[in-house]
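Undergrad: With the sequence up front, the predicted model follows.
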Amino acid sequence: MTVLFEYVLGLADDALVLGHRLSEWSGRAPMLEEDIALSNLALDLIGQARLFYARAGEVEGRGRDEDALAYLRDEHEFANLLLTEQPNADFAATMVRQLFFAAFKHPFYDALTRSRDRRLADIAGKAVKEMAYHVRHAGEWVIRLGDGTEESRRRAAAALDDLWMYTGEMFEVDEGVEALIEAGIAVDPARIRPAWDATIDRVLGEATLARPADRWMQSGGRRGQHSEHLGHLLAEMQVLHRAHPGVVW
Amino acid sequence: MASERARELRKNRTAAERRLWWKLRGLKQAGFKFRQQVPIDHFIVDFACLSKSLIVEVDGGTHSTDEEITKDRRREQYLRDQGFRVLRVWNSEVRENIDGVMDTIVGALGPPPPSPPRKREGRSARPGLACSRHPEPRARVIAAVAEGAGALGPPPPAPPRKWEGRPLRRGRAFHRDPMLDLARRAAATVVDPEIPVLTLEDLGVLRGVEWRDGCIIVRLTPTYTGCPATQAIGQAVEAALAQAGIVGARIETVLSPAWSTSDITEEGWRKLKEFGIAPPNRAASARALFAEETVNCPRCGSTATAKISEFGSTACKALWRCESCAEPFESFKCL
């Protein structure tokens, strides 16, 4: 397995796992407009995942297509960020998770448009426009919840506190990724940090929520070490394809 | 009971006719103009292609009584005497096997009337022109022309020629390839399944039609990566090309440069507004993440509008409400 394959697979898994999580809200969101919005966000992410999987399959060169990569791998083979697999919990947790993710991926994709890997740059060129909407949508909700009722504020603050420890992983790099950064293919997440900090600080400021203090950060997702939540998610997502291999709509 | 059943049948019949009409209209691309509810002497037939003297009648359950059958036979005989060929299809066939029905109709039509693509090499007068590399998957239309015409009209003079599909005089800037023109026209007029007033050309997602390895390639770009319409559009383009007589064309997805709402044409912009969807701001904005935006109400033009939700019924639209005329409306998101 090449480093590039693993890198692209990680990007694909991030998008698919979070996309699937968001799709779990379909038909259950607090109101109709939000139901539609969450499904739209999910669609964007699943669309991005498909493109990244197709690229990963090409890089790997063993004939695995997007379906094989999405449906026929087990949890230890998934390289998504731990943040993306966290349960939806309540609406505040979903929106805080989305804000953390989108505030990172938006500048990340923007930088990836300058990747030497032409295909990744093209995919990022599409995805960056979509992520701008995700940042705005999640940002507006976190502001409304934080600066809202006592109940919404309590939930938003709790979500911030619960999910903060998963934000460190976004900025980690290992040796393989370092080599890709030097080759001009991968994005150096350290350069994304200022933009992420600025978005988070601005939103939390308007939401009158305190930014959690930096502390010990959980990681492992990129290395295939996941929380138990991912296994449940995959079980539901993959069951149809595994029961009927090669099934298509 | 009986009247209820009749009403139901009438309703079904209308749906089937609508569905068939939708398909028959598409044959115009290939040079076959169909009309619906055509008066021929004292009869009104469901559909007719007058240039080919072909009548297509859609039958529901009411045509199966003895009396009806006799009446239908007499009517059919009269039309035949006038030089028409009459093709009868059942409601249920239209509902369950529209492709098969279309194959039979295309077969009965035979070669298209003279048109630019036909003049190429003077001989490829078949509606089905296969690409040399991919003759198999879409060969059905050709087969239908050969067999269907035999069953329903005079047999074709020769088996269909497969067109080798090499572009003539590639590189000559002034040469216009009629096959490409036909393909481009067919693809450009396909409508977006979710915003049916916009054609692919209006939407700006058709990036080009070209020859490659003896095959026509239609290059499309998605509006949003996850937009479910992308796949439907690809299928609709394949169908439109097949109806225009071009089989085996391939769809290629192009990501770069990424689609932007500024790719929507002037015409598309006007149509959106007429349809009641606020068009996107003209300049594709790299607007600040939390900046305010102004959208004019597509009905009354007022700027006193409020955003209800950033996400609408499709990925490309947001929900708005006009404070002046109180109407809710959709706005095409700036991308």
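TA: Ah, there it is. Numbers count the residues shown, from 1 in each chain, chains lettered A, B, ... in the order given.
Undergrad: Give me the residues contacting stretch B:263-274.
TA: By Cβ atoms under 8 Å, 6 or more residues apart in numbering or on different chains, the residues outside stretch B:263-274 that reach it are B:195, B:197-199, B:201-205, B:278-280, B:282, B:298, B:332. Every residue, glycine included, has its C-beta placed from N, CA and C.
Undergrad: Restricted to strands, list these.
TA: B:278, B:332 (DSSP state E).
Undergrad: Quick one: buried ones out of the contacts of stretch B:263-274?
TA: B:195, B:198-199, B:201-205, B:278-280, B:298, B:332 (16 or more other Cβ atoms under 10 Å in any protein chain shown).
Undergrad: And the residues you listed, which is closest to residue A:205?
TA: residue B:280 (30.3 Å; Cβ to Cβ).
Undergrad: who touches the closest one in this structure?
TA: Here residue B:280 is in contact with B:261, B:262, B:264, B:331, B:332, B:333, B:334, B:335 (Cβ under 8 Å, 6+ apart).
Undergrad: secondary structure class for residue A:124?
TA: helix (DSSP: H, G, I helix; E, B strand; the rest coil).
Undergrad: burial count for the nearest residue to it once chain neighbours are set aside?
TA: Excluding its sequence neighbours, the residue lying closest to residue A:124 (Cβ to Cβ, 6 or more residues apart in numbering or on different chains) is residue A:112, at 3.7 Å. By the measure other Cβ atoms under 10 Å in any protein chain shown, the count of residues near residue A:112 is 22.
Undergrad: any idea how far residue A:112 lies from chain B?
TA: 13 Å (Cβ to the nearest Cβ, to the nearest Å).
Undergrad: now do residue A:150
TA: Distance from residue A:150 to chain B, by Cβ to the nearest Cβ: 25 Å.
Undergrad: Can you pull the residues of chain A lying near chain B?
TA: A:19, A:33-34, A:36-37, A:40-48, A:50-51, A:121-123, A:125-127, A:129-130, A:132-133, A:135-137, A:139-140, A:199, A:202 (Cβ under 8 Å from any Cβ of the partner chain).
Undergrad: Now intersect these with the helices, please.
TA: A:19, A:33-34, A:36-37, A:40-48, A:50-51, A:121-123, A:125-127, A:129-130, A:132-133, A:135-137, A:139-140, A:199, A:202 (DSSP state H).
Undergrad: Quick check: the residue of chain B nearest chain A.
TA: Nearest residue of chain B to chain A (Cβ to the nearest Cβ) works out as residue B:226 at 2.6 Å.
Undergrad: circling back to that earlier point, just the pLDDT for the residue nearest to residue A:124.
TA: Here the pLDDT value assigned to residue A:112 is 98.
Undergrad: residues in contact with stretch A:87-97?
TA: By Cβ under 8 Å, 6+ apart, stretch A:87-97 touches A:18, A:21-22, A:24-25, A:29-30, A:34, A:38, A:83-84, A:86, A:138, A:141-142, A:145, A:152, A:155-156, A:158-160, A:162-163, A:229.
Undergrad: Then stretch A:225-235?
TA: A:17, A:20-21, A:74-76, A:78, A:80, A:82, A:85-87, A:220.
Undergrad: Also stretch B:21-29?
TA: Contacts for stretch B:21-29 (Cβ under 8 Å, 6+ apart): B:33-34, B:36, B:47, B:49, B:56, B:98, B:102, B:105-106, B:109, B:182, B:185-186, B:189, B:239-240, B:243-244.
Undergrad: can we see that at 6 Å?
TA: By Cβ atoms under 6 Å, 6 or more residues apart in numbering or on different chains, the residues outside stretch B:21-29 that reach it are B:34, B:36, B:47, B:102, B:186, B:243, B:244.
Undergrad: quick one: low-confidence ranges for the chain?
TA: Looking at chain A here, since you left the chain open. Within chain A, the stretches with pLDDT under 70 are A:1.
Undergrad: you looked at the wrong chain, it should be chain B
TA: Those would be B:1-14, B:61-64, B:112-176, B:282-292, if you go by pLDDT under 70 across chain B.
Undergrad: circling back to that earlier point, among the contacts of stretch A:87-97, which lie within helices?
TA: Going by DSSP H, the helices hold A:18, A:21-22, A:34, A:38, A:83-84, A:138, A:141-142, A:145, A:152, A:155-156, A:158-160, A:162-163, A:229 from the contacts of stretch A:87-97.
Undergrad: Quick one, which of those residues are buried?
TA: By 16+ other Cβ under 10 Å, those give A:18, A:21-22, A:34, A:38, A:83-84, A:138, A:141-142, A:145, A:152, A:155-156, A:159-160, A:162-163, A:229 as buried.
Undergrad: Nearest to chain B: which residue in chain A?
TA: residue A:47 (2.6 Å).
Undergrad: Not counting residues beside it along the chain, what's closest to that residue?
TA: Using Cβ to Cβ, 6+ apart, the closest residue to residue A:47 is residue B:226 (2.6 Å).
Undergrad: can you count the residues close to the one you found?
TA: 25.
Undergrad: how much space is there between it and residue A:11?
TA: 15 Å (Cβ to Cβ, to the nearest Å).
Undergrad: ditto for residue A:45
TA: Residue A:45 is 11 Å from residue A:11, by Cβ to Cβ.
Undergrad: Compare neighbour counts for the two and give me the winner.
TA: Between residue A:45 and residue A:11, counted using other Cβ under 10 Å, the more crowded position is residue A:45 (31 against 28).
Undergrad: so where do the helices sit in chain B?
TA: B:2-26, B:66-81, B:91-96, B:98-109, B:140-152, B:178-188, B:200-203, B:229-243, B:266-275.
Undergrad: Show me the one of these that comes nearest residue B:217.
TA: Across these, closest to residue B:217 is helix B:178-188 (Cβ to Cβ), at 9.4 Å.
Undergrad: Contacts for the closest one next, please.
TA: B:29, B:116-117, B:120, B:200-201, B:206, B:209, B:216, B:218, B:237, B:240-241, B:244, B:246.
Undergrad: tell me the angle that helix makes with helix B:229-243.
TA: 140 degrees (axes from the mean of the first three to the mean of the last three Cα atoms, to 10 degrees).
Undergrad: what about dumping the CA coordinates of helix B:178-188 to CSV?
TA: Extracted in CSV, the C-alpha atoms of helix B:178-188 (Å, rounded to 0.1, in the frame of the first residue of the first chain):
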residue,chain,number,x,y,z
PRO,B,178,-22.6,16.9,-38.8
MET,B,179,-22.6,13.9,-36.5
LEU,B,180,-21.0,16.0,-33.8
ASP,B,181,-23.5,18.8,-34.4
LEU,B,182,-26.4,16.4,-34.1
ALA,B,183,-25.0,14.9,-30.9
ARG,B,184,-24.3,18.3,-29.5
ARG,B,185,-27.8,19.5,-30.3
ALA,B,186,-29.3,16.4,-28.8
ALA,B,187,-27.3,16.7,-25.6
ALA,B,188,-27.8,20.4,-25.3
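Undergrad: Next, the buried residues of that helix.
TA: Here helix B:178-188 shows B:179, B:180, B:182, B:183, B:184, B:186, B:187, B:188 as buried, counting by 16+ other Cβ under 10 Å.
Undergrad: What parts of the stretch 151-300 of chain B come near chain A?
TA: Contact residues, the stretch 151-300 of chain B versus chain A (Cβ under 6 Å from any Cβ of the partner chain): B:225, B:226, B:255, B:256, B:258, B:289.
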